[in-house]
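Undergrad: Fold the following, please.
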Amino acid sequence: MTTTKQVLLRCEGIAAGYGPSQVLFDVDLHIKEREVVTLLGRNGMGKSTLIKTLIGALRPTAGKLWFDDEPLHRLRPDAIARRGVAIVPEGRLCFPNLTVEEHLLAFAARRNPALSPWTLERIYEMFPRLQERAQHLGHQLSGGEQQMLAIGRALSTNPRLLILDEATEGLAPIVREEIWQCLDRLRAAGQTILVVDKYIERLLGLADRHIILEKGRVVWEGDSDQLREARDLWRTYLSI
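TA: Okay, here's the model as predicted:
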């Protein structure tokens with residue numbers, strides 16, 4: 001028997017920008033529970049602005065946003081986080097004066113009772129290097145270790161929706177592969193995920209659906225098979 005997935009996040013007609021400069025235009029999207037969705041596009045096409053809007057860091061100028069059928073478009077970022085939205089931000093943003101373990105304990109919450117909880121022990125199992133560095137401060141970690149910590153910190157909140165903004169950017173290939181393996185495990189565990197990344201080939205094997213932004217508008221949406229075959233889209237919207 002097939003179980004119908006419920007829509008967890010839904011945006012309708014979202015417009016947003018900075019002062020007089022509009023960046024997003026009439027953006028519609030949805031993410032279902034236990035689905036992995038990518039947000040693709042070249043730099044400057046509005047991906048970061050959309051993520052800021054989803055987490056409440058930027059208020060939309062038009063349109064509406066729902067999370068589990070609850071309106072979010074007027075809520076503060078902390079209120080949205082408490083409802084189960086967690087972000088692994090671009091640049092990691094680890095606290096330099098907190099240890100690894102303090103990062104993971106300070107943000108611990110249980111916002112997704114439907115899945116097995118991400119305890120400290122389970123996060124260390126996912127990233128053994130974090131356990132090895134448990135008493136090291138944030139600024140003492142390598143870039144790859146900081147990225148693992150940023151993901152672990154988000155998982156410690158047990159989110160219903162996990163957003164990853166360029167989680168593999170600037171990492172050595174071996175560390176990048178470790179992050180991809182982590183995402184594969186999260187998908188297998190049923191975690192709902194929105195990913196922004198540029199490694200399309202790797203995303204094809206990870207995600208259920210892909211959304212392409214161009215100049216602040218959704219110009220294409222489809223599954224991995226469709227994107228794999230549509231190489232013209234890669235050239236038009238994703239190549240540098």
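Undergrad: Mind listing the residues bridging to the closest residue to N97 other than its chain neighbours?
TA: Excluding the flanking residues, the one nearest N97 by CB to CB, 6 or more residues apart in numbering is L137, at 6.3 Å. (Each C-beta comes from the backbone N, C-alpha and C, glycine too.) Beta-bridge partners recorded for L137 (DSSP bridges): T99.
Undergrad: what about L137, how many neighbours?
TA: 16 (other CB atoms under 10 Å).
Undergrad: ditto for S239
TA: Neighbours of S239 under the rule other CB under 10 Å: 9.
Undergrad: and if you look at L194?
TA: Using other CB under 10 Å, L194 has 24 other residues around it.
Undergrad: In which helix or strand does it reside?
TA: In this structure, L194 sits in strand 192-196 according to DSSP states H and E.
Undergrad: Please compute how far the following helix or strand past that strand lies from its chain's middle.
TA: Per DSSP H and E, strand 192-196 leads on to helix 200-204 as the next helix or strand towards the C-terminus. Here helix 200-204 is found 15 Å from its chain centre; the criterion is CA atoms, centre = their mean, to the nearest Å.
Undergrad: I figured the residue nearest to N97 hits E101, correct?
TA: No: contact criterion CB atoms under 8 Å: L137 and E101 do not qualify, at 10.7 Å.
Undergrad: Who are the contact partners of R76?
TA: Applying CB atoms under 8 Å, 6 or more residues apart in numbering to R76 gives the contacts G56.
Undergrad: separation between it and R59?
TA: Note on R76: its distance to R59, by CB to CB, to the nearest Å, is 10 Å.
Undergrad: so what's Y199 closest to, chain neighbours aside?
TA: T168 (6.4 Å).
Undergrad: Backbone torsions only: list them for that neighbour.
TA: Note on T168: backbone dihedrals following degrees, to the nearest 10 are phi -110, psi 10.
Undergrad: what's the answer for L238, then?
TA: Here is the backbone geometry of L238 (degrees, to the nearest 10): phi -120, psi -20.
Undergrad: before we move on, what about V175?
TA: When read as degrees, to the nearest 10, the backbone of V175 gives phi -70, psi -40.
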